[in-house]
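Asks: predicted model and sequence follow; I will ask about them next.
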Amino acid sequence: MTESEKIPGEGLVRQLGLFDSTMMMIGLVIGSGIFLTTGIMAQSLPSPGLILLVWIVGGLITLSGALTYAELSASMPDSGGQYVYLREAYGPLPAFLFGWLLFWVTMSGSIAALGVAFGEYFGYFFNALSMERTIASIPIELFSKEFIFTLSMGQIVAVIIIILLSAVNYIGVVFGKMIQNVVTTIKIGTLVVFILAGIIVGRGDVSHFSINPSGLSIGQLFVGFGVALVAVTWSFDGWNNITYAAGEIKNPGRNLPFSLVFGTLIITLLYVLANVIFLIALPVEDMAGVVRIGEKATTTLFGSTYGGILSAAVLISVFGALNGAIFVGPRVYYAMAKDRLFFHNVSKVHPRFKTPSFSIAIQTVWACILTVSGTFEQLFTFVVFVTVLFYILTATSVFTLRRKYPDISRPYKTWGYPFIPIIFILTSLGICFNTLIEKPVESLAGLGFIVIGIPAYYLWHRKIGK
């Protein structure tokens, strides 16, 4: 039934242990979001107590998703993860559309965004290589409209780091996982030190905590809570990506559920405690609209000298998230190609390195194009709605697959079933509805992007029949 049952010995080798997969999962989630999101949240939710509650609720929603995906990953531990679950539950078309979106926008766009974030913070230390250093500005006429294409040194840095990490992951899983283990350990350690230092020696003030210092109505607080929850949810984004590499995880029936659940708990704890320190450092009115909230809180607590140290920590954090994204994405395209729903060469495993080498290569090329074009931000706004829809569809597959394949081995069954999956589905539907209301044009455009993928599916599907 699953890919490993159809084709024994799929080519990739199980080389990731429990520690490796957990570090990969944590490293994929903790990027720059924790250092940037809270100041934006404070604009719509000027309440320290409720800001902390949003982070806790966001962690609980993510945990419900992790518990749900844990059953799927344990019972179908094949390369492709979410693609495989959708294929087995609903057929190849929804699975293809998920992979289609992942390649063209969500994963390649994430890699481009992380590359640019790395370039931003790298430019903090090396001004000559910053985003502000424009090296080309070219007018381009398209559909009778003129656009200015600009290329900065920061974008060049982003492209170089994407190519470098892609090359490392191309030549072996061992090298990719070593980088991930080291960098994720450093980023966890850095957050722990920041939290402990903020509590012990920071010049903060616990009097900043209050539920409603701005005197907003219950209705205003409720709306602000919903807006903030969307931002928090995307700071947890990437928690499910470790399932894409399921075909290379040892003892996946045990290690994948553990990585998903334990990783989520660690991330939630770090996120909540980091926000406690942010709120000790700054009154909520001073936080509102501040993008680099981590840097401002560090400067307030420890002095301006330590702002640079926080920027270095963000740089390392982004580096780890970028490496993780480059590692896991190609496993989905590889699974699609094995089903002959993507370019044939993508299904090939390098005979020496045992990696999906061509899959890594095409992801690198497309991510670099998005990086220099600067279009990934616009693409992201179009697919937020659709991405959450795929989360919901995958979560419902737990119910579908239990009915469809009642006798399949399930080393782990979702704790709290059916309530936990239902909670995840309902909260995701709420986020989906909020996104549709707040960004109706972008949401419909995202659906349009999926519609474009349908003829592409039938094109590949026709090739299967020949």
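Replies: That came in fine, so what should we check first?

Asks: now the helices for the stretch 351-466 of the chain?
Replies: 357-373, 376-404, 419-438, 440-465 (DSSP state H, counting those that start in this stretch).

Asks: for these, could you give me CSV that also reports mean pLDDT and mean neighbour count?
Replies: The way it works is simple: take the backbone N, C-alpha and C, and place the C-beta from them, glycine included. Output for those, formatted as CSV (pLDDT from 0 to 100; neighbours: other C-beta atoms under 10 Å):
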stretch, mean pLDDT, mean neighbour count
helix 357-373, 94, 21
helix 376-404, 87, 20
helix 419-438, 90, 18
helix 440-465, 84, 14
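
Asks: what would the ones you listed look like in JSON lines with distance to Gly320?
Replies: Below are these laid out as JSON lines (distance: least, C-beta to C-beta, whole Å):
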{"stretch": "helix 357-373", "distance to Gly320": "17"}
{"stretch": "helix 376-404", "distance to Gly320": "19"}
{"stretch": "helix 419-438", "distance to Gly320": "26"}
{"stretch": "helix 440-465", "distance to Gly320": "28"}
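
Asks: give the buried residues for the longest helix seen in the chain.
Replies: Assignment by DSSP state H gives helix 307-338 as the longest helix of the chain. Within helix 307-338, the residues that qualify as buried are 307, 310-311, 313-338, counting by 16 or more other C-beta atoms under 10 Å.

Asks: can you tell which of the helices of the stretch 351-466 of the chain is closest to Glu248?
Replies: Minimum separation from Glu248 across the helices of the stretch 351-466 of the chain (C-beta to C-beta) falls at helix 357-373, 13.0 Å.

Asks: what about the strands in the protein?
Replies: 134-142, 145-152 (DSSP state E).

Asks: quick one: low-confidence parts of the stretch 101-250 of the chain?
Replies: 141-144, 146-147, 202, 204-216 (pLDDT under 70).

Asks: if we use 90, what do you get?
Replies: 105-106, 109-110, 113, 116-117, 120-121, 123-152, 154, 172, 197-235, 237 (pLDDT under 90).

Asks: and what of the stretch 251-400 of the chain?
Replies: Looking along the stretch 251-400 of the chain with the criterion set at pLDDT under 90, you get 280-314, 344, 352, 372-388.

Asks: do that again at 70, thanks
Replies: Scanning the stretch 251-400 of the chain for pLDDT under 70 picks out the ranges 375-380.

Asks: quick one: residues contacting Val290.
Replies: Gly39, Ala42, Lys296 (C-beta atoms under 8 Å, 6 or more residues apart in numbering).

Asks: what's the neighbour count on Val29?
Replies: 27 (other C-beta atoms under 10 Å).

Asks: nearest residue to it in space, please, no chain neighbours.
Replies: Nearest non-adjacent residue to Val29, counting by C-beta to C-beta, 6 or more residues apart in numbering: Gly238, 4.7 Å away.

Asks: these two touch, right, the one you found and Leu322?
Replies: No - with contacts counted by C-beta atoms under 8 Å, Gly238 stays clear of Leu322, the gap being 11.3 Å.

Asks: got any residues that touch both of the two?
Replies: Contact with both Gly238 and Leu322 is made by residues Gly31, according to C-beta under 8 Å, 6+ apart.

Asks: in the stretch 1-150 of the chain, which spans are helices?
Replies: Going by DSSP H, counting those that start in this stretch, the stretch 1-150 of the chain shows helices at 3-6, 18-29, 33-44, 48-75, 82-90, 92-101, 107-125.

Asks: looking at the ones you listed, which one has the lowest mean pLDDT?
Replies: Across the helices of the stretch 1-150 of the chain, helix 3-6 has the smallest mean pLDDT, namely a mean of 38.

Asks: next one: phi and psi at the spatially most central residue of the chain?
Replies: With distances taken as C-alpha atoms, centre = their mean, the residue of the chain nearest its centroid is Gly238 (2.7 Å). The phi/psi pair for Gly238 (degrees, to the nearest 10) reads phi 100, psi -10.

Asks: can you pull the contacts of the nearest residue to Thr38 once chain neighbours are set aside?
Replies: Once flanking residues are discounted, Thr38 sits nearest to Ile293: 4.9 Å by C-beta to C-beta, 6+ apart. Applying C-beta under 8 Å, 6+ apart, one finds that Ile293 lies in contact with Phe35, Leu36, Thr37, Thr38, Gly39, Phe278, Leu282, Met287.

Asks: dump the residue contacts of the second one.
Replies: Just to be clear, that refers to Leu36. Leu36 touches Val291, Arg292, Ile293, Gly294, counting by C-beta under 8 Å, 6+ apart.

Asks: and for the fourth one?
Replies: Residues touching Thr38, when contacts are defined by C-beta under 8 Å, 6+ apart, comprise Ile51, Asn275, Phe278, Met287, Ile293.
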